[in-house]
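In: build me a model from this:
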Amino acid sequence: MKHLFFRMSLVTLLVAGVIALCNTSALAQDAAGTFKAKCAMCHGADGKGSPIGLKMGAHDFTSADVQKQTDAQLTEIITKGKNKMPAYEGKLKDTEIKDLVTFIRSLKK
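Out: Coordinates of the predicted model:
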């Protein structure tokens, strides 16, 4: 009986792990798609800034200046906008903004 319970627990744990990995991958893809659709025009595909974005003062997401900001600060900038960057409040869901912050973190040098 103990062995059966252990096997069932192990299988349940493995299934949960696979589901978590699949969801993480899907979220990363969704965030990359959102970044491409909403951010890359100014911030560039690699986060370093497009030619147009750099002329408008877009920040390099790989820079230490951006990466040292807290998640709350980045969320606020995305939500409310800053300088020439538009606000995405009401245009993106809170989860999409949170995923964008995670994506921006992945761009660090």
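
In: C-alpha only now, for contacts and for neighbours.
Out: OK.

In: give me the neighbour count for Gly53.
Out: Look at Gly53: counted by other C-alpha atoms under 10 Å, it has 20 neighbours.

In: isn't it right up against His43?
Out: Yes - counting by C-alpha atoms under 8 Å, His43 is a contact partner of Gly53 at 5.9 Å.

In: now Ala37: which helix or strand?
Out: For Ala37, the element it lies in under DSSP states H and E is helix 2-38.

In: cool, Thr95 as well?
Out: With DSSP H and E as criterion, Thr95 is part of helix 94-106.

In: for that helix, buried residues please.
Out: Using 16 or more other C-alpha atoms under 10 Å as the test for burial, helix 94-106 gives Glu96, Ile97, Lys98, Asp99, Leu100, Val101, Thr102, Phe103, Ile104, Arg105.

In: which one of those is nearest His59?
Out: Ile104 (11.4 Å; C-alpha to C-alpha).

In: give me the below-cutoff pLDDT ranges for this structure.
Out: 1-29 (pLDDT under 70).

In: using CSV, list the CA coordinates for stretch 38-53.
Out: Output of stretch 38-53 as CSV, limited to C-alpha atoms (Å, rounded to 0.1, in the frame of the first residue of the first chain):
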residue,chain,number,x,y,z
LYS,A,38,4.0,46.6,-28.4
CYS,A,39,7.6,47.4,-27.6
ALA,A,40,10.0,46.4,-30.3
MET,A,41,9.1,49.3,-32.6
CYS,A,42,10.9,51.6,-30.2
HIS,A,43,13.0,49.3,-28.0
GLY,A,44,14.2,47.0,-30.8
ALA,A,45,13.8,43.3,-31.1
ASP,A,46,16.8,42.8,-28.8
GLY,A,47,15.7,45.5,-26.3
LYS,A,48,18.7,47.8,-27.1
GLY,A,49,16.6,50.3,-29.0
SER,A,50,15.5,50.7,-32.6
PRO,A,51,16.9,53.6,-34.7
ILE,A,52,13.5,55.4,-34.3
GLY,A,53,13.3,54.6,-30.6
